Every structure is written in structure tokens, then in C-alpha cells.
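J.: Below: sequence and its predicted model.
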Amino acid sequence: MTVFDYTKIDEYQLEITTYCNASCPQCPRNISGGGVNPHMPLCHLSRETIDRSFTSELCNRLRQVFFCGSYGDPIVHPDFLDILRDFRSKNPTLWLYIHTNGGVHDTAWWAELATILNGYGKIDFGIDGLEDTNHLYRRGVKFDKAINNAQAFIQAGGKAQWNYIVFKHNEHQIETARLLSEIIGFEKILFRGTGRFLNHQTLEESETWDVLPKRDEPYQLEVTTLDEYRNSSMKRLEDLKQEYPNIRDYFDTTPIKCDACVGNKVSITAEGLVLPCNFFEHNLYDARFKDRNIAPSSNDLHFIDGENQVKQFVDQHRSELDINTNSIEQVFASNFWNTLVSSWDKNLDQGRIFECAFTCGQKLTKVWDQNKLVKSTYRYYITGNNRGLGLELSKYFNADGSSRASGKDITKDIDKIVEDSIHYDVFINNAFDGPPDSDWANYAQVNLLQAVYKRWKELNKSGWIFNIGSNGEQTIVAPDPDWETYRVAKAALAHASRQCTQAFKQGLVPFKTTLITPDRLDTELSRSRDNWTGNGVDCKDICKFIDYCVSTNSNTVIADVTLLVNLTHKET
């Protein structure tokens, strides 16, 4: 059961301030790059409140504290270095992760920051272009200053990544930025496909965004023309609308996979409110919920009786969620969390939180599509996910999927499964149509692979396809000719998988295909059979192999792997 459990939350995203030195046009802290959002409280979360809330005991069981704002940049908090020192004194190895534009302070300050982190933390620098383009989005940030600060941090031993939002005005500088990133010493440069051009009211992607500075002349941001840097969800919008002519039906029914629950993390605002994510904070103060003429507007479903649904919900529990007056442990005793989780099993009329369906629904994942180098944002779809290896994979990857039991059978519903697959990053073709003497043994697994391949190629979709083969196709001497259905079907799958891999190698498709050929598996299903000899391939080894495959360089694909097991092996 999905829950928000104080004892399991191991990451806190801290917005320690709503102040910022920049005026990024698509950020909710200002109005289209102009005046500061008048609905947003200007405040710092005090060092004393943070220090009191994050006890030594808590800090020593956390995985990460993430300093990233919905409205502010952590580096402008006057006590930021001291706040980091407080965390470091309680846990010398706690991972401290920071998002910033890097545009203030001198290089000595940044070198000191690297010393405090001491190898146990990282900074993502948001720098969207080079000297002649960065300021078009990062308004108020000088490129040279941000780059010099990043270089000072790196030279002092800091770990850093360069985050680069791709627009039309900076797309021609991608390769130059990549080279500069290597010269300076960034661990990686991440080119992000923004979903912020989405008009939330019409659910259409705008090609432009009006920038309305207070002193300079107005201008426009434009969506990149490079397809590989377009946000994947934006490219799928028309397909989604065709599938759901009344889009409310999608938001009413889409499974909600809460990123906060999957990642065991929550956010704390600069006011001190503990919320599931920063999208809830956007609902509290974003000006587009006060005036829908402000881009990117807001959907009718954000409101109940003219009031923002999330704000109404948070306000009912505001005093219980405030770390200025409660310990963090007390915050999680609030009924807010159970009410939130239970809403996901309802429809909108019954109290489903629209923001949850909009941000963490199954098929419109514009936020997570921005950053496909972060494996925790990948979405997995597994056929045959209700038992055996499929069930173990589903548990490991928090995956969605299908099976005969859930009403999507690979022998009958290939078209439906294919259309499901396009909304995921990783498709695992696990279910087999056998056993060989069954009426439904019809080579469905290889037919499904070919159909997914064709559809992904049509869409020029990136991602991974994993096919679960069988060592039996290489070793079985059939006791009866009927068994050839199994052997030949698995052999056909192996050959088809390798052909798909070859297509990636030749540059015909952007997605990667890998064949996994296991021996007997160690699953509850296998252990129940008469031929079980005591051991088999551990499913977690297959999960870890898939993890490895999706982490290889973008130019690299692993064609196939075979996992064999000593069936008579005994642990000593």
C-alpha cells in the first residue's frame, strides 16, 4: 500500500527561500520575466527552524537533502553556507544536492561551498546557452559569472552538472556547450526538453512564450526545432486527445504513480510547509491560478467552485503541516497524507486531486520527460506482470504492465499493449503465449515485439525494449513435437530481438533493444513445480542487468546476455 511514512522518507527537498537573483520567464516567481509574482510570500526559511527540524537522528538515516526551489534559489539565502555546515556537522556523509543558476557571490564563496560538501554532494548549474543566449531565459544572470563560479567550485573539488534547457535560440550552441562543459570539468551536461510551453487550459503546446520585461523590450521564447530535444509528452498530446475525446475521462481514470511516494521524498516550502511535491506549492501561489490570462494558464479541473483545489486541501491542514510549530514526525501524523493517497482511487467528482493526475498520471508525463538521464524518472511497462519474473520486475521497478488477469492478453490485445507502451521509457516483453500445447500458443511474444518496434519507429521514440527469451530454445530436445511451438517461438524472438538491436546500431531507430536469455528462474512459480531442484537464476540479477543497460552511454546497446545456473549448486 502506498503511504507517506516518516520512517521511510529518506529525501527532503528544501526550498529555503523565495528570493532569487534571476527572472526566468517561465518561472512562477515572476510574471513572464517581468514583475515579481504579487501572490507569492517573500520569505526565508530560518536556519534555526531547519536546524531544530533536522535532528542528528533524522540526518543519519536520510539518503539526501535537495536544495531546490519552486520560487527561489538557495544561494541567495543569507545563511546558506551555515545551513549546509549544520547538516554536515550532524552527518559528514549526508548527500547535499543543490540546484542553482550560479549567478551570485564571488569565487571564494563557491570554493568554500565545495569544501563544506567535501565530496558528498553535487550542484546542478542551470545555464541555458552561452554568453550571447543564456540571459534570454536566465534573465538577470551573467553567463561569465555563472561559468566562473562553477569553475571555482569544480576546481575546489566540487562535483557539478550543467543543466541546459534547449530552446530555438540556443539549440545551435549545443555542441559548443558540450565541449565547454568538458573543458571546465562538469561531470555531465544535461540537455533538457522542457514541457513548459504547454497551455494548461487548452492542453496544446504553444510554439512561443511572450517575455515581458519591466525595462527591456518584449520578445519571445520559441520551442526548439530539434526533435530529439522536444518534450516527449508534448509530441504525444494529439494521440492522447484522440484516445480521450473528453480529456476529463483521462484525468478521471489514469493510474497515479506519485513520484514522491516512489522516491520516498517530500518537499518543504520556504514558509515551512511539508508538502508531497513542489507542484502543490505552485498551486498555492502561482499567478496563473489567480489570473488565467497569465501563461501557461490553468485548467478548469484545477478549481472547485472557483477555488484552487490543492490550495483548499492544503489550507484545511496548514497548521498541521508547518515545521515552525511541529516536528517533522508530528507533521506526518496529520490526516492530510492518508486523505491524499486515498483520493487517487477516486474520480474527480469524488475528490481525486487533479494536480496528481496531471503531473503523475500514466500518459502525460511532461515533467519527467524533461530529464531522461535521471533513471528514477524512467517509467517501466512489463507484460505478464502478475507472476513469476514479471511480478519481480514490477516490484523492483515500481512498474505498470499487463497480463491476461488484468484484461490485456498478448495473444489478443497487441494493439492496446503497443499504444500503452509508447508512454513508457522501458518496455519489457516478458509474457509468453504458451505453454506449447495450448490453443493460444500463437507466437504472440515475437509478434508483439515487431508491433512495438514498428510503432516506436514511426514515432521516432527513444527508450529501451527488453525481450525475455529462454535458454530452452538452445537446449531443449523436444519430448514431443508440440514442444517445438515453444522452442521455435523463443528462437524467433531471439532473432527478431537481434534484428531490432541491429537497427539501432545502423541508426535506423533511436531506441535500444536487448535480449535476456535466462536459465531456470528462482521464483515462487518455479519453486512450486515438480522439476524444481533447489535453485535458479535470481530475478534481482536480471533487474540489476536492466539497470546497467539503461545506464550505458547513449551510443551503446547491449545486444543480448545469457544467464545460466548450476541447478545442483548448494550454498556452503
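T.: Nice, thanks for sending it over.
J.: For the rest of this, base every contact and every neighbour count on C-alpha atoms.
T.: Noted.
J.: can you point me to the longest helix in this protein?
T.: In the chain, taking DSSP state H as the definition, the longest helix is helix 484-505.
J.: what's next to that helix, contact-wise?
T.: Helix 484-505 is touched from outside by 434-437, 441, 443, 445-446, 449-450, 453, 467, 469-470, 472-474, 476, 478, 509-515, 557, 559-560, with contacts defined as Cα atoms under 8 Å, 6 or more residues apart in numbering.
J.: Give me the angle between the very next helix or strand once past that helix and helix 484-505.
T.: Scanning forward in sequence from helix 484-505, with DSSP states H and E defining helices and strands, the next element found is strand 512-518. Strand 512-518 and helix 484-505 are oriented at 150 degrees to each other (axes from the mean of the first three to the mean of the last three Cα atoms, to 10 degrees).
J.: what does strand 512-518 rub up against?
T.: Under the criterion Cα under 8 Å, 6+ apart, residues 462-471, 494, 497-498, 500-501, 504, 537, 557-564 lie in contact with strand 512-518.
J.: Kindly report the same for stretch 46-62.
T.: Defining contact as Cα under 8 Å, 6+ apart, one finds that stretch 46-62 is touched by 9-11, 16, 79, 82-83, 86-87, 90-91, 94, 323-324, 327-328.
J.: what's the average pLDDT for that stretch?
T.: Stretch 46-62 shows a mean pLDDT of 97 in the predicted model.
J.: for that stretch, which positions count as buried?
T.: Of the residues in stretch 46-62, those with enough neighbours to count as buried (16 or more other Cα atoms under 10 Å) are Ser46, Arg47, Ile50, Ser53, Phe54, Leu58, Cys59, Asn60, Leu62.
J.: re earlier: from the contacts of helix 484-505, which ones fall inside helices?
T.: When helices are assigned by DSSP H, the members of the contacts of helix 484-505 inside them are Gln445, Val446, Leu449, Gln450, Tyr453, Gly472, Glu473, Gln474.
J.: now the strands for the stretch 51-200 of the chain?
T.: For the stretch 51-200 of the chain, the strands defined by DSSP state E, counting those that start in this stretch occupy 64-67, 95-100, 121-126, 160-165, 188-192, 198-199.
J.: Counting by contacts, list what the first one packs against.
T.: Contacts of strand 64-67 with other secondary structure elements, assessed using 3 or more Cα pairs under 8 Å, 6 or more residues apart in numbering; DSSP states H and E, are made with strand 11-14, strand 95-100.
J.: any idea of the mean pLDDT in stretch 127-138?
T.: Confidence for stretch 127-138, expressed as mean pLDDT, is 97.
J.: Who are the contact partners of Leu273?
T.: When contacts are counted by Cα under 8 Å, 6+ apart, Leu273 touches Arg318, Leu321, Asp322, Ile323.
J.: quick one: it and Phe504, what's the gap?
T.: Taking Cα to Cα, to the nearest Å as the measure, Leu273 and Phe504 are separated by 47 Å.
J.: Run a quick neighbour tally on the closest residue to Thr224 other than its chain neighbours.
T.: Excluding its sequence neighbours, the residue lying closest to Thr224 (Cα to Cα, 6 or more residues apart in numbering) is Lys168, at 4.0 Å. Residue neighbour count, defined by other Cα atoms under 10 Å, stands at 13 for Lys168.
J.: Would you list the buried entries among the ones in helices among the contacts of helix 484-505?
T.: When neighbours are counted using 16+ other Cα under 10 Å, the ones in helices among the contacts of helix 484-505 contain these buried positions: Gln445, Val446, Leu449, Gln450, Tyr453, Gly472, Glu473.
J.: I'd like the distance between the closest residue to Asn386 other than its chain neighbours and Leu340.
T.: Taking Cα to Cα, 6+ apart as the measure, Asn386 lies nearest to Ser403, with 6.5 Å between them; neighbours along the chain are not counted. To Leu340, Ser403 is 29 Å away according to Cα to Cα.
J.: ok, Ser470 to Gly140 distance?
T.: Counting by Cα to Cα, the separation of Ser470 from Gly140 is 58 Å.
J.: So which of the two has more stuff around it?
T.: Remark: of Ser470 and Gly140, Ser470 carries more neighbours, 23 against 17, as counted by other Cα under 10 Å.
J.: Could you give the bridge partners of the nearest residue to the more buried one once chain neighbours are set aside?
T.: Distance criterion Cα to Cα, 6+ apart; nearest residue to Ser470, sequence neighbours excluded, is Thr517 at 4.9 Å. Listed by DSSP bridges, the beta-bridge partners for Thr517 are Thr562.
J.: mind checking the end-to-end distance for stretch 189-204?
T.: Counting by Cα to Cα, the terminal residues of stretch 189-204 are separated by 29 Å.
J.: neighbouring contacts of it?
T.: Contact partners of stretch 189-204, identified using Cα under 8 Å, 6+ apart, comprise 26, 161-166, 178, 181, 205-209, 223, 229-234, 237, 295-300, 366-367, 369-371, 373.
J.: Cys549 - that's part of a helix, no?
T.: Yes. When DSSP: H, G, I helix; E, B strand; the rest coil is applied, Cys549 is found to be in a helix.
J.: Now for it, how many residues are close by?
T.: By the measure other Cα under 10 Å, the count of residues near Cys549 is 19.
J.: Which residue, other than its chain neighbours, is closest to it?
T.: Leaving out its chain neighbours, the residue that sits closest to Cys549 by Cα to Cα, 6+ apart is Ile558, at 6.7 Å.
J.: what's the spacing between Ile16 and Ser421?
T.: When Cα to Cα is the yardstick, Ile16 and Ser421 sit 39 Å from each other.
J.: Equivalent analysis for His44, please.
T.: If you measure His44 against Ser421 using Cα to Cα, the figure is 44 Å.
J.: more crowded one of Ile16 and Ser421?
T.: More neighbours surround Ile16 than the other of Ile16 and Ser421, with 30 against 23 (other Cα under 10 Å).
J.: thought that one was touching Phe67?
T.: Yes. Because the distance of 7.4 Å satisfies Cα atoms under 8 Å, Ile16 is recorded as touching Phe67.
J.: Name the residues contacting each of those two.
T.: With contacts taken as Cα under 8 Å, 6+ apart, the residues that reach both Ile16 and Phe67 are Pro74.
J.: quick revisit: contacting residues around the residue nearest to Asn386?
T.: Under the criterion of Cα under 8 Å, 6+ apart, the neighbours of Ser403 are Thr383, Gly384, Asn385, Asn386, Asp409, Ile410, Ala431.
J.: would you list every one of the helices in the stretch 51-200 of the chain?
T.: Secondary structure of the stretch 51-200 of the chain, counting by DSSP state H, counting those that start in this stretch: helices at 56-59, 80-90, 107-117, 134-137, 143-155, 174-184.
J.: Just name the shakiest helix or strand of this structure by mean pLDDT.
T.: Comparing every helix and strand of the chain by mean pLDDT, DSSP states H and E singles out helix 472-475 as the least confident one, with a mean of 72.
J.: what about that one, distance to the chain center?
T.: The offset between the C-alpha centroid of helix 472-475 and the centroid of the whole chain comes to 38 Å, using Cα atoms, centre = their mean, to the nearest Å.
J.: Stretch 267-278 too?
T.: Mean-position distance between stretch 267-278 and its chain equals 19 Å (Cα atoms, centre = their mean).
J.: Alright, I will stop here.
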